[in-house]
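1. output the structure for:
(one chain, ligands or ions: 2)
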Amino acid sequence: MSNRLLERLSLVTTNAEHVTHEVILLNLTVVNAFLVGDPFADSKDFILVDTGMENSFNFILEVVNKHYGKDIRPRCIVLTHGHFDHVGSVIKLAEYWDVPVYVHELELPYVTGRKDYPLADPRIGGKVAEMSPSFPHTSIDLGERVFALPQDGKIPGIPGWRWIHTPGHTEGHISLFHDLDRVLIAGDVISTTKQESLMAVLTRKQEISGPPAYLTEDWNKVLSSIKHLQSLDPAIILPSHGKPLRGLKVKEHLDMLVSKIEKML
Ligand SMILES: [Zn+2]
Ligand SMILES: [Zn+2]
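-> Ligands and ions are numbered 1, 2, ... in the order given. Model (predicted):
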């Protein structure tokens, strides 16, 4: 699955929907991004979480204009991690709005051109990675626009939310959590779609709907990250890949995921 194919797929059906009173899910087909912040509040403070592929720029602006008002910009952009399908429009958007970008400090080298992502865990992704030499592992360079998230767990612009370090898929992967409503923006730690399904011909191990397997670095860390998120007892999970999970499905999915990964390790 090449970068270009994903770009094309991501044009197929884009849409935006309110998934909670303060989260708008931007469905960019191959990946989701999120606008977080109540559009009806007086402050109009909101942030953008992840930025989809390179061609998501116009759609993201459209949704922001429609829901928050024309010429209104977010307080910042937060990246769950620096993989290409999450950072495609980040440079263009950050420059257009003139806003800072935040990532976990361990992810900083990957979004400032100092480090490339390692190849996937050979137990799962290796075969696929080997067979797809064009698979994008290169990083982008956000230069002086990008900062480490505040140490205290707070997220600039959206009080009530905090970031949680959920390493494993990448070193500095984060999830976002709203304690009062127990809303979890999971990033790539939990997916509800099989990202590998297009690669079914290449690999037989594609049943796990955790993080996209071909890019995941450390499954032991993924397991502890999922257990950490499980302990927060989320009421709704918003993954980067796939549809939101609510109600009983949350516990069911997390239990299934933990036992599948435990069996695999
Ligand atoms: Zn990823
Ligand atoms: Zn992803």
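2. can you show me the helices along the stretch 1-150 of the chain?
-> For the stretch 1-150 of the chain, applying DSSP state H, counting those that start in this stretch gives helices covering 3-9, 57-68, 84-87, 90-97, 126-131.
3. buried residues in the longest one?
-> Residues of helix 57-68 classed as buried under the neighbour-count rule (16 or more other C-beta atoms under 10 Å) are Phe57, Phe59, Ile60, Leu61, Val63, Val64, His67, Tyr68. Where C-beta positions appear, they are placed from N, C-alpha and C, glycine not excepted.
4. contact partners of that helix?
-> 14, 16, 24, 26, 28, 33, 35, 37, 39, 44, 46, 48, 51-52, 71-74, 89, 92-93, 96 (C-beta atoms under 8 Å, 6 or more residues apart in numbering).
5. so for that helix, mean pLDDT?
-> The average pLDDT for helix 57-68 rounds to 95.
6. got the CA coordinates for it in PDB?
-> The C-alpha trace of helix 57-68 is given here as PDB (Å, rounded to 0.1, in the frame of the first residue of the first chain):
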ATOM      1  CA  PHE A  57      -5.800  20.800   4.100                       C
ATOM      2  CA  ASN A  58      -8.900  22.200   2.300                       C
ATOM      3  CA  PHE A  59     -11.300  19.900   4.000                       C
ATOM      4  CA  ILE A  60     -10.000  20.700   7.500                       C
ATOM      5  CA  LEU A  61     -10.300  24.500   6.800                       C
ATOM      6  CA  GLU A  62     -13.800  24.000   5.500                       C
ATOM      7  CA  VAL A  63     -14.900  22.200   8.600                       C
ATOM      8  CA  VAL A  64     -13.300  24.700  11.000                       C
ATOM      9  CA  ASN A  65     -14.900  27.600   9.100                       C
ATOM     10  CA  LYS A  66     -18.300  25.900   9.200                       C
ATOM     11  CA  HIS A  67     -18.300  24.900  12.900                       C
ATOM     12  CA  TYR A  68     -16.200  27.500  14.600                       C
END
